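Visitor: Using only what follows, build the 3D model:
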Amino acid sequence: MPFTNGSKKPFSIEDKIKMFDRMGATAAVIALVIIMLLESGHVGEYKNLADMGLTAMIVVLAVSLVGSLFYKTRKK
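Guide: Just a heads-up that it's a prediction; the model follows:
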């Protein structure tokens, strides 16, 4: 699923909003899976790695929220 209609055109504001929304949704699903793995105890000796992954997903969620809000305010 491409974000743009043409391959040589730059991203439009609508494309950027869609990209940030998809990025946030994907990060939320990955964060939910990591949380379920941590809480169920299935990560075992990789608990520190799962904690770092969860921290990274939280950062991606914050970036996607800020980016989406930034471009939604520029759209008007």
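
Visitor: Tell me which stretches of the protein form helices.
Guide: 13-40, 47-75 (DSSP state H).

Visitor: Turn those into JSON lines, including mean pLDDT.
Guide: Listed next are the helices of the chain as JSON lines, based on pLDDT from 0 to 100:
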{"stretch": "helix 13-40", "mean pLDDT": "93"}
{"stretch": "helix 47-75", "mean pLDDT": "93"}
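
Visitor: Could you export the ones you listed as JSON lines, including mean neighbour count?
Guide: Every residue, glycine included, has its C-beta placed from N, CA and C. Converted to JSON lines, those look like this (neighbours: other C-beta atoms under 10 Å):
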{"stretch": "helix 13-40", "mean neighbour count": "15"}
{"stretch": "helix 47-75", "mean neighbour count": "14"}
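
Visitor: can you pull the pLDDT of residue 5?
Guide: Listed pLDDT for residue 5 reads 61.

Visitor: Kindly report the same for the one 3 residues further on.
Guide: We have a pLDDT of 66 for residue 8.
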